[in-house]
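based on what follows, work out the 3D shape:
(2 chains)
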2 protein chains.
Amino acid sequence: MFAPSERAGGHPFGIHRVRDTKVRLPQAADALDNSLPIYSNEILIQVDLLNIDAASFVQMEKETGRDPEKIAAIVMENSRTRGKQQNRVTGSGGMLVGTVTQIGKKYKGPLKAKVGDRVASLVSLTLTPLHLEEVKRVDLRTHQLAVTGHAILFESGIAAVLPKDIDEAVAMAVNDVAGAPATVSALCGRGKTLVVIGGGGKAGVLSCVAGRQKVGKSGKVIAIEPHPGAADDLASLNVCDAILRIDATDPIAVRSGVEQATRGKMGDIVVNVASVADTEISSILSAKGRGKILFFGMATSFTKVTLGAEGIASQAVLLFGNGYYPNHSKFALDLLRKNKSLKKLFYRRYGVN
Amino acid sequence: MFAPSERAGGHPFGIHRVRDTKVRLPQAADALDNSLPIYSNEILIQVDLLNIDAASFVQMEKETGRDPEKIAAIVMENSRTRGKQQNRVTGSGGMLVGTVTQIGKKYKGPLKAKVGDRVASLVSLTLTPLHLEEVKRVDLRTHQLAVTGHAILFESGIAAVLPKDIDEAVAMAVNDVAGAPATVSALCGRGKTLVVIGGGGKAGVLSCVAGRQKVGKSGKVIAIEPHPGAADDLASLNVCDAILRIDATDPIAVRSGVEQATRGKMGDIVVNVASVADTEISSILSAKGRGKILFFGMATSFTKVTLGAEGIASQAVLLFGNGYYPNHSKFALDLLRKNKSLKKLFYRRYGVN
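Just a heads-up that it's a prediction; the model follows:
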């Protein structure tokens, strides 16, 4: 039988594929080597779908006037010049779906997959070597791109075999943001008040559902969502005590809305999953003085958070949202399995009909 | 007696002085109204010293080739066009020292001061209305500027009356970074391992001293500091188990250095107080898989932290450093009072001789 060729000496973090002159990890690198054959500790994936992260997609929409062909051209150019899909403005990436075509003989990473399995990457596209031959379709509704090409998974990277019972495009949409509901669930406890900034988006809806489970009837889930369609979708799930249709970039309006909805108590936990800039202060002002605020939105600015909190002498715990949480993919997919309305909503929004 | 004039209707957060067309808090605003008279809930400060934050000062040094006159011109231009000192590139500010000259009749904020008291602001310059008449001197060594002008403190803002037993320039240098040692102290416990990225800087030295007190003899304090002078200064305090003279932008070197110094255990708590960019991954790789990582450096990038942690499936708790912590000014000044070598070091570095 023909054995596919392999190169020796791959680093678990993928440093061997960094093309910058300075020592960097792949995520920080300007350019990656996306060439074949793979190294003996890597996995090769034939890619057919990219899920661009919300902040990056919105930026490309603005830059191109929502022109699918121009967005495709940007992504092709990133693959060609950077060897990966990392937005040059936002710095963020997304996820991919594809088929495993080769597993290096010395691969000892966490992915239990065999050749032929359908998998979704759970590490960001910003650190994943990607070679695109073609972008066949750009879906402005789902932020997903149908493509042909290959990607390489490092030994330290994580991925998930796609479930058989859930549509692939839906599973990818869920996996892309799976860290948010898992972390929200871990932070919430019975009787607590959760405020979700950007509650009608993908991560927002999942966070509201996960939070409701944990805070129980004695707790409160309050969402901020200005877009009528997204707010109506969220309302249909019956998991929120209040959905405030307010622009989250207006800190005074958000503060007074949350004040009213909580009778002045404010949020114990605030999660920011907004995909637009300038929602940091609204998040801080929605929390109790000693609450916890979790920033997942890729448009978050470090200095706006830290200086904003200092400026009003907030004692809140300020947390970076980490896209990884143990078993987050299964946790998030189980939310859909257990909640028919949620599953229906995700199939309608992200499913391939 | 002559009563100084006042305007009515000031908002506690200072929104009444935001000149942007969109509703914003002062920190997020492009420009503030720095005009007099004050509103009745404000405090007027005659300013004589600005302490520029490290990330901002380093950026201005690079932009001007370390030319004091050009740095002065940038700060004057910020005062003129923005009504505050906020670096247009880094978004960060600093602190000020001055004399209270007027207290609004309706002021009910936290500062217990009377007219004539010398005070240091503990909120960032990025949200403080500032009108400069002149920059008299730029000190490249201390990042402090001798100035003439006035600043306005909002009702929600915090400030501290300067201590009588510590040199003003030293006290300001300490206050500028007082949140870091106070937070580090709160996170550390006996027997823990603390890693300080940028340990020889102002915030770094204080964090090492505060951490040493808490981790005790059974714990470890490890500093990363590439600059020989700063590393020697820190070594003279005898608070670190190891000072690694490594470039913190090289994640592989940092990881292997911390591995050696901790015999493979890595840090329970990692605090990043570096003033240069691209030290996020080094911080993540210095921590245990479930450690706590605290980012205080103003050069921190939100996406580099979150995507970097996700990319290597880190389960560490990722915390934004908040410049405010209850009683942080007194806590940090007490470190100097209790440690003669530390006091001597700060007088040498930041004191006016």
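
for residue A:212, see how far away the residue in the stretch 1-150 of chain A that chain B sits nearest to is.
Chain B sits closest to residue A:91 of the stretch 1-150 of chain A, with a gap of 4.1 Å, by Cβ to the nearest Cβ. All C-beta atoms are positioned from the backbone trio N, CA, C, and that covers glycine. Using Cβ to Cβ, to the nearest Å, residue A:91 is found at 32 Å from residue A:212.

and residue A:2, what pLDDT?
Here, the pLDDT recorded for residue A:2 equals 60.

how about residue A:109?
87.

what of the one 3 residues further on?
Taken from the predicted model, the pLDDT recorded for residue A:112 is 88.

that one touches residue A:161, doesn't it?
Yes: counting by Cβ atoms under 8 Å, residue A:112 does reach residue A:161; the two are 7.3 Å apart.

of those two, who's got more company?
Shown here are residue A:112 and residue A:161; by other Cβ atoms under 10 Å in any protein chain shown, residue A:161 has more neighbours (15 against 9).

backbone dihedrals for that one, please?
As for residue A:161, its main-chain torsions (degrees, to the nearest 10) stand at phi -70, psi 130.

who's it bridged to?
Note on residue A:161: beta-bridge partners residue A:119, judged by DSSP bridges.

so what's it up against?
A:111-113, A:117-119 (Cβ atoms under 8 Å, 6 or more residues apart in numbering or on different chains).

buried subset of those residues?
Among the contacts of residue A:161, those buried by neighbour count (16 or more other Cβ atoms under 10 Å in any protein chain shown) are A:111, A:113, A:117-119.

first-to-last residue distance for stretch A:24-43?
21 Å (Cα to Cα, to the nearest Å).

same question, stretch A:266-282
The first and final residues of stretch A:266-282 sit 12 Å from each other (Cα to Cα).

again with stretch A:89-106
Terminal-residue distance, stretch A:89-106 (Cα to Cα): 36 Å.

next one: stretch A:251-269
End-to-end distance (Cα to Cα), stretch A:251-269: 17 Å.

show residues contacting it.
So stretch A:251-269 is contacted by A:184, A:187-188, A:192-195, A:197, A:211, A:220, A:222, A:224, A:241-242, A:244, A:246-248, A:281-282, A:285-288, A:291-294, B:15, B:23-25 (Cβ under 8 Å, 6+ apart).

buried stuff in it?
In stretch A:251-269, counting by 16+ other Cβ under 10 Å, buried: A:251-255, A:257-258, A:261-262, A:266-269.

wouldn't residue A:230 be in contact with residue A:202 here?
No: applying Cβ under 8 Å as the test, residue A:230 and residue A:202 come out as separate, 9.7 Å apart.

before we move on, the earlier item: mind checking which of the contacts of stretch A:251-269 land in helices?
Here DSSP state H is the test, and these give A:184, A:187, A:211, A:281-282, A:285-286 as lying in helices.

what's the local residue count around the residue of the stretch 1-150 of chain A closest to chain B?
19.

how near is residue A:168 to residue A:161?
In terms of Cβ to Cβ, residue A:168 sits 11 Å off from residue A:161.

where do the contact lists of these two overlap?
With Cβ under 8 Å, 6+ apart, residue A:168 and residue A:161 have common neighbours residue A:118.

can you list the low-confidence ranges for chain A?
A:1-3, A:353 (pLDDT under 70).

swap the cut-off to 50 and go again
A:1 (pLDDT under 50).

show me where it has strands.
Remark: strands assigned in chain A by DSSP state E are A:43-52, A:94-103, A:118-121, A:130-139, A:144-153, A:159-161, A:193-197, A:220-224, A:242-244, A:267-272, A:287-295, A:317-320.

comparing the ones you listed, which comes out most buried?
Ranked by average neighbour count under the criterion mean count of other Cβ atoms under 10 Å in any protein chain shown, these are headed by strand A:193-197 at a mean of 30.

what angle do that one and strand A:220-224 make?
10 degrees (axes from the mean of the first three to the mean of the last three Cα atoms, to 10 degrees).

for stretch A:172-186, which positions count as buried?
Neighbour-count burial for stretch A:172-186 [16+ other Cβ under 10 Å]: A:172-185.

should've said stretch A:14-29
Going by 16+ other Cβ under 10 Å, stretch A:14-29 has these buried residues: A:14-18, A:24-29.

quick check: phi and psi on the closest residue in space to residue A:268 that isn't next to it in sequence?
Distance criterion Cβ to Cβ, 6 or more residues apart in numbering or on different chains; nearest residue to residue A:268, sequence neighbours excluded, is residue A:192 at 4.2 Å. Residue A:192 adopts backbone torsions of phi -80, psi 160, taken as degrees, to the nearest 10.

give the contact list for residue A:192.
Taking Cβ under 8 Å, 6+ apart, we find residue A:192 in contact with A:214-215, A:219-220, A:268-269.

now it: how far from chain B?
18 Å (Cβ to the nearest Cβ, to the nearest Å).
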